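> can you look at this prediction? I've put the sequence above it.
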Amino acid sequence: MRWSKRCSLGRCSKMKRIEIPRSFDLSSDHWKVRMVTLRTLMKWDGSKARLDGLCSFKRLTIYINKDLSRARMEETWLHELEHAIEGARGMANAGAEHVVTPRSKLRAQVYQTSKGSH
């Protein structure tokens, strides 16, 4: 098992690393995960805002800013995965941040507190 050091509000702790796959299957679709530059994310999104990641339903690809810290990449991976899951479920609010953000934090908690494997 891999561990990483995470710090928040001056407190640091060892956390399990979350593996970010290169691809995954969701429902009947095969998705890809790509690490790209912030400039590329902003170009595709058409936004001036700083982006950590992007979920493209059209390309079945999750894009993550490769210049983020490892901990931030993991958070972004779970966040964008939640968008993909909502889309696969046919939810009209798949892009809604107020829906996706709390769920991705819960998913991170499950990863961090899980013990062992079968």
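Received the coordinates, thanks.
> now the longest strand anywhere in the chain - C-alpha only, PDB.
The longest strand of the chain (DSSP state E) is strand 29-36. C-alpha atoms of strand 29-36 as PDB (Å, rounded to 0.1, in the frame of the first residue of the first chain):
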ATOM      1  CA  ASP A  29     -18.600   2.500 -21.800                       C
ATOM      2  CA  HIS A  30     -14.800   2.500 -21.700                       C
ATOM      3  CA  TRP A  31     -13.400   5.700 -20.200                       C
ATOM      4  CA  LYS A  32      -9.900   7.100 -20.400                       C
ATOM      5  CA  VAL A  33      -8.100   9.200 -17.900                       C
ATOM      6  CA  ARG A  34      -5.500  11.700 -19.200                       C
ATOM      7  CA  MET A  35      -3.100  14.100 -17.500                       C
ATOM      8  CA  VAL A  36      -2.900  17.400 -19.300                       C
END
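> tell me what that strand is packed against?
Strand 29-36 sits against strand 23-26, strand 61-65, helix 70-88, with contacts defined as 3 or more C-beta pairs under 8 Å, 6 or more residues apart in numbering; DSSP states H and E. Every C-beta, even on glycine, is put in place using the N, C-alpha and C of the backbone.
> who are the contact partners of residue 52?
64-65, 68, 72, 75-76, 79 (C-beta atoms under 8 Å, 6 or more residues apart in numbering).
> out of the residues you listed, which are buried?
64-65, 68, 75-76, 79 (16 or more other C-beta atoms under 10 Å).
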